[in-house]
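# predicted model and sequence follow; I will ask about them next.
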Amino acid sequence: MIALVLPHMREQGWGRIINISSIYGREHGGSIDYMAGKAGLIALSKHLALQLAPINVRVNSIAPGSIDFPGSTWERFQQNNPPEVVDEFIARNLPAGRFGWPEPIGEMVAFLSSDRADLVTGACINVDGGQSKSLF
């Protein structure tokens, strides 16, 4: 998708590219292929951000935590496990005391897409309710 939109962004001298990664692109969690793919997406975003900053194209990534929505892995987790298992997972892993939901991710996309985020490029922003453990 980036390759398709980039020529137009270069031509107009403005653009916003926002990739959705995961906190598990920055720290341990999930399968190795998932972590490697999400880490690669963060690295791609940073690399492109540095290349495209001079032409006013901003590139960032968002790293959601455990986001629950209909049909999600977390919905299945909650449906397929006893309440005490779900409660223990939440207590151990989710400092906000609940799973995340899609709207905060969308709000971050809207912000990063706007002119208000003109100095934000090459960033990977966690939207995870404090779930991630990494200091970076």
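That came in fine, so what should we check first? Numbering: from 1, shown residues only.

# which parts of this protein are strands?
Secondary structure of the chain, counting by DSSP state E: strands at 15-20, 57-64, 124-127.

# nearest to residue 35, of those?
Nearest to residue 35, of all the strands of the chain, is strand 57-64, at 11.7 Å by Cβ to Cβ. For glycine as for every other residue, the C-beta is placed from the backbone atoms N, C-alpha and C.

# what's the neighbour count on the residue nearest to residue 65 when sequence neighbours are not counted?
Excluding the flanking residues, the one nearest residue 65 by Cβ to Cβ, 6 or more residues apart in numbering is residue 128, at 2.8 Å. Per other Cβ atoms under 10 Å, the neighbour tally for residue 128 reads 21.

# again, but for residue 20
Neighbours of residue 20 under the rule other Cβ under 10 Å: 14.

# next one: residue 80
Using other Cβ under 10 Å, residue 80 is surrounded by 9 other residues.

# still on that earlier bit, which ones are touching the residue nearest to residue 65?
23, 63, 64, 65, 66, 100 (Cβ atoms under 8 Å, 6 or more residues apart in numbering).

# tell me where this structure has helices.
For the chain, helices defined by DSSP state H occupy the ranges 2-12, 32-52, 73-80, 83-93, 102-113.

# show the pLDDT at residue 29.
With respect to pLDDT, residue 29 has a value of 89.

# scratch that, residue 134 is what I was asking about
pLDDT, residue 134: 85.
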